[in-house]
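Enquirer: make a model of this:
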Amino acid sequence: MKKIYLLLLVAAAFTGCSKDDEYNMDYFTEKYGNNESDNTSNNTEDTTAVSTPTVVSDTLYISIAYSGTTATLTGDIDSVTVAKTNADVTITSTTEKYLELTLSGTATDGSLMVYSSKKYGIVLNGVDLTNADGPAINNQCGKSLYLTLADGTTNTLTDGSTYANAPTDASGVAIDQKGTLFSEGQIYFLGAGTLNVNGNAKNGIASDDYIVVEDGTINVTVSDTGSNGVKTNDGFTFNGGTLSINVKADGARGLKNDARTTIAGGTITIKTSGDCLIETVDGVKDTTSCAGIKSDSLFTMKAGTLTITSTGDGGKGINCSENIEVSGGTLTVVTEGGNEIGKPKAVKSDTGIILSGGYFKATCKKSWACDNGSESEDPAARVTIQGTPQQTSLAKREMIVIF
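Expert: The predicted structure is shown next:
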């Protein structure tokens, strides 16, 4: 069988990662430095990844070709367990070998669900997959998923406007269905192709672990009946490629991350247009505002371009529970919404906004552009500037710092 070159990605710390993921700490330290001192907070694991090419010859190959409401499987299918109903395909793998699934064709009502005891890969090779009543791809493996966008291809994943009752696993527990592309484990995005994700009921892309983007063009659009663009529990790292997120639901976030967020390259554009979401639970009213990025831990930007626009009432550009630290790249945030229900902010941190490099511009039409928890009316008290910028313009509604 023909050998392939698989990019095995490594990370600095894996709280939720299995031991079968590879490490290359010497290369990691050489490229990014020793980040051990950064890991001082809960849920702040550094998922910055590096790529080292490794020859993998002992691999199982399975191709899934979708056509309308059917799917045809070829390759090493005798090495896994396959369940198929029309174009809904479930694969269960207990093999010690690396499994690579290649998806192509168009399904008007189809899906892929995978159970695997080991990390594995999916190659999207010109597939248009729509599931009328659930996720298009549902990864039930808690290990790493390497999702490769084949060079030169355009791929589309779409969920239904409503989800059917969740199926149950062997122990009777309901299977998670949290978005158009959902994974119990980590997702690594590779390859120079294009992926369009349409979310109609829930999140566009969701992981119960962390997400690392190395390359590719990813466009996520979530309707006003959906939720967040990208949702991750244990971290988000963007090293390269292009990511575009457009969410329209009230209270929705372009990127909702319960842990550390790292922007180290590439281009990200996020738009939110919903207003505040008002819910009453047990007699208590709760208001949730939209945000381009909502991060419950440290936000760092080292390189790349990040542009965020929020137009709904009370919307925020970046809303972070810990420090927002910008040391490089280009960050532009504009919030244009009103303040009838919520207070809009361009860049908000509960602990500090620290600028030491790059380009930083935050604009808010109805409130403070930057909020670091300070009650001072002096705009300079709202950010911490380290070093000597080439240009500084600090005002209540617009702050610009250029190094």
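Enquirer: dump the residue contacts of the residue nearest to residue 169 when sequence neighbours are not counted.
Expert: Excluding its sequence neighbours, the residue lying closest to residue 169 (C-beta to C-beta, 6 or more residues apart in numbering) is residue 175, at 5.9 Å. For the C-beta atoms, the positions are set from N, CA and C on the backbone; glycine is no exception. With contacts defined as C-beta atoms under 8 Å, 6 or more residues apart in numbering, residue 175 is in contact with 113, 138, 140, 166-169.
Enquirer: mark which of those are buried, thanks.
Expert: Among the contacts of residue 175, those classed as buried by 16 or more other C-beta atoms under 10 Å are 113, 138, 140.
Enquirer: and the closest residue to the last one other than its chain neighbours, what element?
Expert: Spatially, and ignoring its direct neighbours in sequence, residue 140 is nearest to residue 115 (4.9 Å; C-beta to C-beta, 6+ apart). Secondary structure assignment for residue 115, by DSSP states H and E: strand 110-116.
Enquirer: give me the neighbour count for the residue nearest to residue 326 when sequence neighbours are not counted.
Expert: Nearest residue to residue 326 in three dimensions, chain neighbours excluded: residue 301, at 4.7 Å (C-beta to C-beta, 6+ apart). A total of 26 residues lie near residue 301 under the criterion other C-beta atoms under 10 Å.
Enquirer: in three-state terms, label residue 301 for me.
Expert: On the three-state scheme (DSSP: H, G, I helix; E, B strand; the rest coil), residue 301 is labelled strand.
Enquirer: what are the bridge partners for it, then?
Expert: residue 263, residue 326 (DSSP bridges).
Enquirer: returning to what we had before: can you flag which of the contacts of residue 175 belong to strands?
Expert: 113, 138 (DSSP state E).
Enquirer: which one of the contacts of residue 175 sits closest to residue 226?
Expert: residue 138 (16.4 Å; C-beta to C-beta).
Enquirer: residue boundaries of the strands in the stretch 301-403 of the chain?
Expert: Ranges of strands in the stretch 301-403 of the chain, per DSSP state E, counting those that start in this stretch, are 316-320, 324-326, 330-335, 345-349, 353-355, 359-364, 370-371, 384-385, 391-394, 398-402.
Enquirer: what about the fifth one, distance to the chain center?
Expert: Distance of strand 353-355 from the chain centroid (C-alpha atoms, centre = their mean, to the nearest Å) equals 23 Å.
Enquirer: packing partners of that strand?
Expert: strand 324-326, strand 384-385 (3 or more C-beta pairs under 8 Å, 6 or more residues apart in numbering; DSSP states H and E).
Enquirer: need the winner for burial among those.
Expert: strand 324-326 (a mean of 25; mean count of other C-beta atoms under 10 Å).
Enquirer: what's the closest of the strands of the stretch 301-403 of the chain to residue 199?
Expert: Ranking those by proximity to residue 199 (C-beta to C-beta) places strand 316-320 first, at 20.5 Å.
Enquirer: direction included, what does the closest one pair up with?
Expert: When DSSP bridges is applied, strand 316-320 pairs with strand 291-295 (parallel), strand 345-349 (parallel).
Enquirer: could those strands go into JSON lines alongside mean neighbour count, mean pLDDT and distance to residue 209?
Expert: Output for the strands paired with strand 316-320, formatted as JSON lines (neighbours: other C-beta atoms under 10 Å; pLDDT from 0 to 100; distance: least, C-beta to C-beta, whole Å):
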{"stretch": "strand 291-295", "mean neighbour count": "28", "mean pLDDT": "96", "distance to residue 209": "16"}
{"stretch": "strand 345-349", "mean neighbour count": "28", "mean pLDDT": "96", "distance to residue 209": "25"}
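Enquirer: point out where the stretch 1-150 of the chain drops to low pLDDT.
Expert: Scanning the stretch 1-150 of the chain for pLDDT under 70 picks out 1-57.
Enquirer: so where do the helices sit in it?
Expert: 25-32 (DSSP state H, counting those that start in this stretch).
Enquirer: which residues does the residue nearest to residue 140 bridge with?
Expert: Going by DSSP bridges, residue 115 forms beta bridges with residue 92.
Enquirer: switch to numbering from 50
Expert: Sure, I'll start numbering at 50, so the last one becomes residue 164.
Enquirer: and it, what does it touch?
Expert: Taking C-beta under 8 Å, 6+ apart as the test, what residue 164 contacts is 139-142, 189-190.
Enquirer: circling back to that earlier point, closest one of the contacts of residue 224 to residue 292?
Expert: residue 187 (21.5 Å).
Enquirer: buried stuff in stretch 408-419?
Expert: For stretch 408-419, a neighbour-count test (16+ other C-beta under 10 Å) marks 408-419 as buried.
Enquirer: just the buried ones from the contacts of residue 164, in ChimeraX syntax?
Expert: The ChimeraX command for the buried members of these (criterion: 16+ other C-beta under 10 Å) is given here:
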select :139,140,142,189,190
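Enquirer: residue 260: which of the contacts of residue 164 is nearest?
Expert: Ranked by distance to residue 260 (C-beta to C-beta), the contacts of residue 164 are led by residue 190 at 14.8 Å.
Enquirer: ramachandran coordinates for that closest one?
Expert: phi -90, psi 130 (degrees, to the nearest 10).
Enquirer: quick one: residues contacting the residue nearest the centre of the chain.
Expert: Closest to where the C-alpha atoms of the chain average out (C-alpha atoms, centre = their mean) is residue 279, at 4.3 Å. Residue 279 makes contact with 252-255, 260, 269, 285, 294, 303-306, according to C-beta under 8 Å, 6+ apart.
Enquirer: tell me the one among the contacts of residue 224 nearest to residue 354.
Expert: residue 187 (32.0 Å).
Enquirer: isn't that closest one up against residue 178?
Expert: No. The criterion here is C-beta atoms under 8 Å, and residue 187 misses it with residue 178 at 11.4 Å.
Enquirer: who touches both of those two?
Expert: 160-161.
Enquirer: would you map the strands across the stretch 100-249 of the chain?
Expert: Going by DSSP E, counting those that start in this stretch, the stretch 100-249 of the chain shows strands at 108-117, 119-124, 130-134, 136-142, 147-156, 159-165, 169-179, 186-188, 194-198, 203-207, 228-232, 236-239, 243-248.
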